[in-house]
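Asks: 3D model of this:
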Amino acid sequence: AYCLQSRLALTLMKAGRFEEAKVHFEKAFGLMPVSFGPVESHCFGCEGIFQDDRVQTIALNVFRKVIDKQPDNPRVHYLVGMLLEKMKNPREAANSYRRALELDPKYYNCAIHLYQLLLSDFATVPEANAVYPQLVKITPYPDLATRFQNRTDLKQTWIDAQTPPPSPLKVPPLT
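Replies: This is a model prediction of the structure:
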């Protein structure tokens, strides 16, 4: 799993052994496009994986290779968007998110990232407002769309949407 490789790489990097960490970062980034789904979160301890400039370079190189081999994989475009956002390149990040949503119009987390990114710049707020209905429509929480469809206070709606009601799925406890 990518999370094991990334945690190992982060541990090695923090221990000052970056050269050893590189191979594990490469493996982790190569696995991410097949590990992430339309609703995901980073594994515990991997949240800041794109913080270091050296790691960003590795990730961008690996993701570009994956795009060359799998140009229709929306997950890799989403990951590039996340990476470019960390690299302070919001325009290209938005383009990557848009591409991922073209490939998978129901890619919930990608829509969230695009929406939040577009809201961060006054010039792109109108586009963010256009993305919002799609986001409500594709939410994996069945009653969310009806709960928020008539709201006009979008900022508070978004805050409320980040804490949805309990899942309707019945999942047995882990043994």
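
Asks: hey, let's count contacts and neighbours off CA atoms from now on
Replies: Will do.

Asks: In contact with Leu117, which residues?
Replies: By Cα atoms under 8 Å, 6 or more residues apart in numbering, the residues touching Leu117 are Pro90, Ala94.

Asks: Give me the distance between it and Phe63.
Replies: Leu117 sits 21 Å away from Phe63, going by Cα to Cα, to the nearest Å.

Asks: And Met13, by the same measure?
Replies: To Phe63, Met13 is 20 Å away according to Cα to Cα.

Asks: So for those two, which residue has more residues nearby?
Replies: Ranked by neighbour count (other Cα atoms under 10 Å), Met13 and Phe63 place Phe63 first, with 24 against 18.

Asks: Now the more buried one: which helix or strand?
Replies: Phe63 belongs to helix 53-69 when assigned by DSSP states H and E.

Asks: Name the residues of that helix that are buried.
Replies: Going by neighbour count (16 or more other Cα atoms under 10 Å), the buried part of helix 53-69 is Val55, Gln56, Ile58, Ala59, Leu60, Val62, Phe63, Val66, Ile67.

Asks: Same check on stretch 11-30?
Replies: Leu12, Met13, Phe18, Ala21, Lys22, His24, Phe25, Glu26, Lys27, Ala28, Phe29, Gly30.

Asks: Before I go, just wanted to say thanks for your time.
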